[in-house]
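[1] Structure of the sequence below:
(one chain, ligands or ions: 1)
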Amino acid sequence: MSTIELDYGTGRDAATALPLPQAPGYPLLGILPKLKGDQLRYFVDLVGELGDMIELPLGPRKVLMLNHPQAVEQVLQRNAKNYHKSRYYGPLKPILGEGIFLAEDDRWLHQRRSAVPGFQGCQLKRMTEVMSQATEEMLDDWQALCAGGQRLELVPAMMGVTLDIVLRTLLSYRIKSGSRDVMSALTVILREAERRVWALLPTPLGLPTPRNRALRRSLALLDDLVDSVVGARQASGERGEDLLQLLIDAQPEMRAAGMPESLLRDQVLSTILAGHETTANALSWTFILLSKHPDVRRRVEAELAEVLGGRQPSFEDLHALTYSKQVFFEAMRLYPPVWTLSREAMADDEILGRPVPRGSTVMLCSYAVHRRPEYWPNPEGFDPDRFAPEATERRPRHAYFPFGGGPRKCLGERFATMEALIILAGVMQRFRLDLAPGQEVRPEPMITLRPSGAVGMTLSEV
Ligand code: HEM
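    Just a heads-up that it's a prediction; the model follows:
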């Protein structure tokens with residue numbers, strides 16, 4: 001199969017006269033069996049071999065995989081209106097319902113407009129202190145682990161602190177106990193959703209299979225959490241200064257726009273899920289990579305010492321943590337928490353000079369685009385200097401899209417970056433985290449990209 005070189009400037013080339021490269025697959029099943037193995041490696045190799053635009057036979061359906069920054073820009077930004085979330089987000093519907101993540105057109109716009117003020121600078125500044133407090137509370141618990149010579153389980157620790165932060169900052173709620181149950185429920189849900197994305201014939205949710213039962217139990221547990229969050233606000237009889245209040249205040253407008261009673265539940269749940277799992281994964285990968293790259297770790301330590309000298313960062317300090325931020329961005333290049341996006345074309349379009357007929361499903365795989373050697377020399381190498389300003393300017397903007405792009409770009413981008421820096425600074429000024437010897441950490445592609453299995457870290461005080 002020949003690779004098609006496209007002209008980045010115009011997006012057109014004589015090569016578009018050639019047939020679109022198709023990923024080789026099996027009769028009827030297409031590439032589905034290949035996704036049972038190392039799915040991520042498979043996509044990276046495929047892009048290396050077939051280039052910018054590839055037809056993927058996924059069972060009876062065909063998906064267009066777009067791997068060129070200009071194509072990413074066309075779908076997410078330039079012609080974003082033409083692209084709705086695809087059927088592959090369907091498995092998330094029972095979880096996120098009518099919330100912002102899956103809504104389209106006016107139903108999306110109303111929600112986006114009402115939530116934006118909750119993430120503005122003055123609100124974020126107010127949240128810095130809570131983020132620091134939550135981090136310190138976690139680190140106090142680590143003290144006991146460290147003294148007892150016990151290992152830290154990295155992923156649940158990051159999930160715990162980011163869940164605590166999203167609840168305290170955006171919803172003014174403190175989980176008393178059971179955050180482990182919430183995290184386990186979330187794992188069941190995401191794993192099952194991922195399975196359903198690629199399944200040829202997903203089991204109907206109504207069937208009482210063990211998996212479906214586990215899924216329903218997990219959903220019920222999250223519903224209970226949402227009820228407690230909303231119930232606590234109602235019982236207090238007070239107004240909050242947070243996202244929850246904005247969501248509650250906007251309900252009459254949402255009702256008038258024809259949205260259901262259950263919308264608030266969907267919005268709160270979407271906030272909890274979107275707001276902690278992704279950041280926890282990004283942070284877990286950051287600590288894993290730092291442990292493997294002592295030279296990078298030393299540079300972060302030096303920056304923290306120079307800017308903070310042992311104290312927690314204020315909102316203003318965060319701007320000065322430039323190298324630490326580059327480290328976080330580089331970790332998300334290698335392990336983008338939302339590793340693939342997909343859309344469906346509402347009308348005919350043209351991408352890179354090729355027709356994209358109405359109804360086409362397109363897939364944007366950040367995991368693979370973030371590893372294209374054309375934009376990322378030595379793509380598997382961990383090199384935060386790639387995100388130095390001069391290097392960033394030299395790259396096409398949409399060669400990097402861990403937060404998506406265009407009008408539907410992640411609403412929590414600044415929140416997440418700020419939170420990550422606060423946690424990173426807090427942790428690294430008190431502890432050194434090293435991957436326990438002999439551990440091979442691999443990514444597990446669920447809806448999000450987690451390190452698979454338990455990741456044990458040894459802790460030592462600095
Ligand atoms: C490192 C952490 C995070 C990453 C990598 C991330 C990534 C993303 C991506 C890729 C999208 C776009 C999905 C698509 O286009 O299909 C998205 C959307 C969204 N994210 Fe995040 N996210 C992160 C943290 C957060 C946080 C902390 C919040 C806060 C609650 C948040 C709230 C949202 C919301 C509300 C949307 C939907 C936006 C819309 O459709 O208008 N995210 N995120």
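
[2] Return the residues of the stretch 51-200 of the chain in contact with the ligand.
    Applying C-beta under 6 Å from any ligand atom, we find that the stretch 51-200 of the chain lies next to the ligand at 100, 101, 112. In this view, the C-beta of every residue, glycine as well, is placed from N, C-alpha and C.

[3] just curious, which of those is nearest to residue 351?
    Nearest to residue 351 among those is residue 101, at 24.1 Å by C-beta to C-beta.

[4] what pLDDT does the nearest residue in space to that closest one that is not next to it in sequence get?
    The shortest distance from residue 101 to any non-neighbouring residue, by C-beta to C-beta, 6 or more residues apart in numbering, is to residue 270 (5.1 Å). pLDDT for residue 270: 92.

[5] what distance separates the helix or strand hosting residue 270 from the middle of the whole chain?
    For residue 270, the element it lies in under DSSP states H and E is helix 263-292. Mean-position distance between helix 263-292 and its chain equals 7 Å (C-alpha atoms, centre = their mean, to the nearest Å).

[6] Now that helix: buried residues?
    263-291 (16 or more other C-beta atoms under 10 Å).

[7] Between the two ends of stretch 429-444, how far is it?
    29 Å (C-alpha to C-alpha, to the nearest Å).

[8] which residues sit against it?
    40, 139, 142, 146, 151-152, 154, 287-288, 290-292, 304, 308, 310, 335, 427, 449-453, 455-462 (C-beta atoms under 8 Å, 6 or more residues apart in numbering).

[9] if we can go back for a sec, and the residues of the stretch 51-200 of the chain next to the ligand as TSV, adding pLDDT, neighbour count and secondary structure?
    Converted to TSV, those look like this (pLDDT from 0 to 100; neighbours: other C-beta atoms under 10 Å; DSSP: H, G, I helix; E, B strand; the rest coil):
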residue	pLDDT	neighbour count	secondary structure
100	95	23	coil
101	93	23	coil
112	96	14	helix
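
[10] ok and the residue in the protein nearest the ligand?
    residue 412 (2.1 Å; C-beta to the nearest ligand atom).

[11] about what we covered before: next secondary structure after the helix holding residue 270?
    Heading C-terminal from helix 263-292 (DSSP H and E), you reach helix 294-307.

[12] Can you name the secondary structure element that comes next after that next one?
    According to DSSP H and E, the helix or strand after helix 294-307 is helix 322-334.

[13] list the buried ones in that next one?
    With the criterion 16+ other C-beta under 10 Å, helix 322-334 contains buried residues 323, 324, 325, 326, 327, 328, 329, 330, 331, 332, 333, 334.

[14] Near residue 220, how many residues? Count them for me, please.
    A count of nearby residues for residue 220, using other C-beta atoms under 10 Å, gives 10.

[15] that's a strand at it, yeah?
    No - with DSSP: H, G, I helix; E, B strand; the rest coil as the criterion, residue 220 is located in helix rather than a strand.

[16] Just the pLDDT for it.
    93.

[17] now it: how far from residue 277?
    19 Å (C-beta to C-beta, to the nearest Å).

[18] would you turn the buried residues of helix 322-334 into JSON lines with distance to residue 88 and pLDDT?
    Below are the buried residues of helix 322-334 laid out as JSON lines (distance: C-beta to C-beta, whole Å; pLDDT from 0 to 100):
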{"residue": "323", "distance to residue 88": "37", "pLDDT": "98"}
{"residue": "324", "distance to residue 88": "34", "pLDDT": "98"}
{"residue": "325", "distance to residue 88": "31", "pLDDT": "98"}
{"residue": "326", "distance to residue 88": "32", "pLDDT": "98"}
{"residue": "327", "distance to residue 88": "31", "pLDDT": "98"}
{"residue": "328", "distance to residue 88": "28", "pLDDT": "98"}
{"residue": "329", "distance to residue 88": "26", "pLDDT": "98"}
{"residue": "330", "distance to residue 88": "28", "pLDDT": "98"}
{"residue": "331", "distance to residue 88": "25", "pLDDT": "98"}
{"residue": "332", "distance to residue 88": "22", "pLDDT": "98"}
{"residue": "333", "distance to residue 88": "23", "pLDDT": "98"}
{"residue": "334", "distance to residue 88": "23", "pLDDT": "98"}
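
[19] So which residues on the stretch 201-350 of the chain come close to the ligand?
    Residues of the stretch 201-350 of the chain lying close to the ligand by C-beta under 6 Å from any ligand atom are 271, 274, 275, 278, 279, 282, 337, 338, 341.

[20] any chance you could map the strands in this protein?
    Counting by DSSP state E, the chain has strands at residues 53-58, 61-66, 83-85, 152-153, 341-345, 349-351, 354-356, 361-364, 431-435, 443-445, 449-451, 456-461.

[21] Of all these, which one is nearest residue 390?
    Nearest to residue 390 among those is strand 361-364 (26.4 Å), distances taken as C-beta to C-beta.

[22] anything in the closest one near the ligand?
    No - between strand 361-364 and the ligand, judged by C-beta under 6 Å from any ligand atom, nothing touches; the nearest distance is 8.6 Å.

[23] Residue 354 - how many residues pack around it?
    Residues near residue 354, counting by other C-beta under 10 Å: 19.

[24] these two touch, right, it and residue 54?
    No - using C-beta atoms under 8 Å, residue 354 is not in contact with residue 54, being 11.5 Å away.

[25] low-scoring stretches of the stretch 151-300 of the chain, by residue?
    178 (pLDDT under 70).

[26] Okay, buried residues for stretch 291-300 please.
    Those buried within stretch 291-300 under the rule 16+ other C-beta under 10 Å are 291, 293, 296, 297, 299, 300.

[27] tell me how far that stretch is from the chain's mean position?
    24 Å.

[28] again, but for stretch 199-210
    With C-alpha atoms, centre = their mean, you get 26 Å for stretch 199-210.

[29] Kindly export it (C-alpha atoms) in CSV.
    Extracted in CSV, the C-alpha atoms of stretch 199-210 (Å, rounded to 0.1, in the frame of the first residue of the first chain):
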residue,chain,number,x,y,z
ALA,A,199,-17.9,-4.5,19.7
LEU,A,200,-19.6,-5.8,16.6
LEU,A,201,-22.8,-6.6,18.5
PRO,A,202,-22.8,-5.1,22.0
THR,A,203,-25.0,-7.0,24.5
PRO,A,204,-28.2,-5.1,25.0
LEU,A,205,-28.1,-3.3,28.3
GLY,A,206,-31.3,-4.8,29.5
LEU,A,207,-29.9,-8.4,29.5
PRO,A,208,-29.0,-9.6,33.0
THR,A,209,-25.5,-10.7,32.2
PRO,A,210,-22.8,-10.4,34.9
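
[30] Walk me through the domains of the chain.
    In the assignment given by automatic domain parsing, the structural domains of the chain cover 1-97+339-401, 109-337+405-462.

[31] burial measure for residue 27, as a count.
    6.

[32] What about it? Give its phi and psi, please.
    phi -60, psi 140 (degrees, to the nearest 10).

[33] close to the ligand, is stretch 389-409?
    Yes - legend: contact between stretch 389-409 and the ligand by C-beta under 6 Å from any ligand atom is shown at 402, 403, 404, 408.
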